[in-house]
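Dropping a prediction and its sequence here:
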Amino acid sequence: MPLTSEAPAAPGRYALPADSKAGKRLLYGAATHWLALCCAVIGSYVGLAVSPAVLLKLGFVRTAALMYRLYWPVCHQFAYRSWFLFGAHFYYAADEFKLLTGIDPYTAAGRLASKSFVGDAVLGYKLALCERDIAIYGGMLLASLA
């Protein structure tokens, strides 16, 4: 039996007000399209992680810095564990990264410097999420589309 505003609510249940047709439609839409909503959220999360590298390539340094800052709390963003766009290689191993940048990824100070390193025109520009996070969330997105 559907819950309506005319029927009294069961003890401990919330009765919807009479004028909540929009709320009911919103809930019904979310319940029937939950997978599309999840795909949109995950796709946006992964897709926006690419945007700082593209923005740096286009010269929008401040906007790219803001995007990196937004992802800072949710990922370590070590440059030697991240993918790069628009550079010589797509990935730099820790030893190669140390050789090319002079940043030692095996020290605490080097790890912090590696996190702050966003790239340059030669090496390319780092994505805002590390390889592992992109693989995890990208895999979730691909699996949900299958």
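Received the coordinates, thanks.

Name the next helix or strand downstream of the host helix or strand of residue 109, please.
Per DSSP states H and E: residue 109 is located in helix 108-116. The helix or strand immediately downstream of helix 108-116 is strand 119-120, counting by DSSP H and E.

Check which helices and strands that next one sits against.
Strand 119-120 sits against no helix or strand, with contacts defined as 3 or more C-beta pairs under 8 Å, 6 or more residues apart in numbering; DSSP states H and E. Using the backbone N, CA and C atoms, a C-beta is placed for each residue, glycine as well.

Give me the sheet partners of that strand and which way each runs.
strand 124-126 (antiparallel) (DSSP bridges).

Mind checking the pLDDT average for the partner strand?
In this model, strand 124-126 has a mean pLDDT of 95.

can you list the residues that contact it?
With contact meaning C-beta atoms under 8 Å, 6 or more residues apart in numbering, strand 124-126 is reached by 52-54, 56-57, 64, 77, 79, 82-90, 117-119.

try 10 Å this time
50, 52-57, 64, 68, 77-92, 114-115, 117-119 (C-beta atoms under 10 Å, 6 or more residues apart in numbering).

Counting only strands, which of those residues make the cut?
Members of the contacts of strand 124-126 lying in strands (criterion: DSSP state E): 84, 85, 119.

pLDDT at the last one, what is it?
What that stands for is residue 119. Turning to residue 119, the model gives it a pLDDT of 92.
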